[in-house]
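*Asks:* the following block contains a protein sequence and its predicted model.
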Amino acid sequence: MVTGSGMVADDAELAEGVVVGPYCVLGLDPEAEAAPLKVGPGAVIRSHTVLYRGTRIGEGFHAGHGVLVREHVRIADDVSIGSHTVVEHHVELGRGVRLHSNCFVPEYSVLEPDSWLGPNVVITNARYPNRPDTKDSLEGVHLERAATVGAGAILLPGVRIGAGALIGAGAVVLHDVPAGATVVGNPGRELPR
């Protein structure tokens with residue numbers, strides 16, 4: 001069911017019962033060779049959301065207002081993306097992932113099932129940004145199952161956050177984090193267990 005005004009590509013595949021708010025753009029993209037956008041049943045896509053071609057979204061998806069999801073993203077079932085969050089291309093979001101409002105998830109990042117990003121989390125993927133060869137060496141971040149990242153944290157390129165690890169609010173994570181660890185501060189340091 002599409003409500004309000006917006007643009008939906010002719011070949012976008014929206015399952016039965018998908019609710020789309022006003023001013024959304026679904027499945028349009030100048031990258032013509034990308035496959036159609038696919039959205040599973042039970043999705044709620046709130047106003048001003050943009051979902052690119054080539055993205056596959058499972059059932060029970062929820063998008064806040066003004067969400068942007070680029071092409072070639074894989075989103076499993078029961079994922080929630082908060083208002084004004086940006087998910088760049090070639091990202092994988094596992095079942096039950098939660099991204100709070102105003103997060104940035106760059107290319108080649110993987111968030112395994114049940115991982116969680118608090119508001120204003122920034123993930124980076126370029127060690128040396130704004131150079132002619134930057135795009136040749138992007139490194140996504142990998143969050144293992146049920147990793148939790150607190151509000152305003154920054155994760156640097158290529159770090160791996162272990163299963164069940166907790167990153168404290170405002171932490172700047174420079175290195176891999178072991179499973180079950182708690183990391184706080186700038187630079188991020190592991191608290192004793």
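*Replies:* Right, received. Where do you want to start?

*Asks:* give me the number of residues near the closest residue to Asp77 other than its chain neighbours?
*Replies:* Distances taken as Cβ to Cβ, 6 or more residues apart in numbering place Gly58 nearest to Asp77, at 3.8 Å, with adjacent residues excluded. (Each C-beta comes from the backbone N, C-alpha and C, glycine too.) Other residues lying near Gly58 total 21 when counted by other Cβ atoms under 10 Å.

*Asks:* same thing with Gly17?
*Replies:* Applying other Cβ under 10 Å, we find 12 residues neighbouring Gly17.

*Asks:* got it, and the one 3 residues further on?
*Replies:* Around Val20 sit 23 other residues, with neighbours defined as other Cβ under 10 Å.

*Asks:* and if you look at Asp133?
*Replies:* If we define neighbours as other Cβ under 10 Å, then Asp133 has 7 of them.

*Asks:* same thing with the one 5 residues further on?
*Replies:* Other residues near Leu138 number 19, with proximity taken as other Cβ under 10 Å.

*Asks:* show me what contacts it?
*Replies:* Residues in contact with Leu138 (Cβ atoms under 8 Å, 6 or more residues apart in numbering) are 106-108, 125-126, 157.

*Asks:* give me the neighbour count for the residue lying closest to Val18 once chain neighbours are set aside.
*Replies:* Leaving aside its chain neighbours, Val18 sits nearest to Ala43 (4.5 Å; criterion: Cβ to Cβ, 6+ apart). For Ala43, the neighbour count with other Cβ under 10 Å is 22.

*Asks:* can you pull the pLDDT of the closest residue to Gly118 other than its chain neighbours?
*Replies:* Spatially, and ignoring its direct neighbours in sequence, Gly118 is nearest to Ala151 (3.9 Å; Cβ to Cβ, 6+ apart). Here the pLDDT value assigned to Ala151 is 98.

*Asks:* thank you kindly, that will do.
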